[in-house]
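A.B. asks: This is a predicted model, with the sequence first.
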Amino acid sequence: QVHVVESGGGLVQAGGSLRLSCAASGNIFSINAMGWYRQAPGKQRELVAQFTSGGSTNYADSVKGRFTISRDNVNNAMYLQMNSLKPEDTAVYYCNVIGYYSRGSFYRTYDTWGQGTQVTVSS
């Protein structure tokens with residue numbers, strides 16, 4: 001139905017930058033919300049940044065001013081530009097996409113996660 005793939009993670013020194021990409025594919029009829037989440041070892045998954053269904057953007061307080069979320073509606077893609085990275089940003093970053101997909105003459109909701117991409121920031 002709908003598949004989501006993240007890319008762009010890696011190892012970077014503190015103060016450096018990375019750009020994550022998220023690509024959604026399949027029988028997508030609409031994308032209503034998209035977001036980036038992260039999960040560090042031993043911690044719960046948390047919201048990093050998102051486009052809400054109402055069209056607004058939200059950022060976690062810990063990344064405001066450093067991270068920027070953007071999207072490409074034509075290609076069903078989303079990006080996360082991460083600047084001034086800190087060791088505490090180290091985590092697996094996940095992309096989440098919510099919307100409707102087509103199935104014959106019907107439409108169904110989907111809420112799909114990618115497999116995650118590792119971001120490691122060394123001090």
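C.D. replies: Alright, I've got the coordinates.
A.B. asks: List the contacts of whichever strand or helix holds Ala23.
C.D. replies: Per DSSP states H and E, Ala23 falls inside strand 18-26. Under the criterion C-beta atoms under 8 Å, 6 or more residues apart in numbering, residues 1-10, 12, 31, 34, 36, 75-82, 85, 93, 95, 97, 101, 112, 114, 117, 119 lie in contact with strand 18-26. All C-beta atoms are positioned from the backbone trio N, CA, C, and that covers glycine.
A.B. asks: Recalculate using a threshold of 6 Å.
C.D. replies: Strand 18-26 has contacts (C-beta atoms under 6 Å, 6 or more residues apart in numbering) with 1-8, 12, 76-82, 93, 95, 97.
A.B. asks: ok, now stretch 111-119?
C.D. replies: 2, 4-6, 9, 92-98.
A.B. asks: Buried only: go through the contacts of strand 18-26 for me.
C.D. replies: With neighbours counted by 16 or more other C-beta atoms under 10 Å, these contain buried members at 2, 4, 6, 8, 12, 76-80, 82, 93, 95, 97.
A.B. asks: so which two of those are the farthest from each other?
C.D. replies: Val2 and Val12 (30.0 Å; C-beta to C-beta).
A.B. asks: where along this structure do the strands fall?
C.D. replies: Assignment of strands within the chain using DSSP state E yields the ranges 2-7, 10-13, 18-26, 28-39, 46-51, 57-59, 67-72, 77-82, 91-103, 106-113, 117-122.
A.B. asks: Can you tell me which of those is most buried?
C.D. replies: Counting by mean count of other C-beta atoms under 10 Å, strand 77-82 has the highest mean neighbour count of those, with a mean of 21.
A.B. asks: Mind giving me the packing neighbours of it?
C.D. replies: Packed against strand 77-82, as judged by 3 or more C-beta pairs under 6 Å, 6 or more residues apart in numbering; DSSP states H and E, are the following elements: strand 18-26, strand 67-72.
A.B. asks: how far out from the middle of the chain is it?
C.D. replies: How far strand 77-82 lies from its chain's middle: 7 Å, per C-alpha atoms, centre = their mean, to the nearest Å.
A.B. asks: For Asn32, give me its contacts.
C.D. replies: 53, 98-99.
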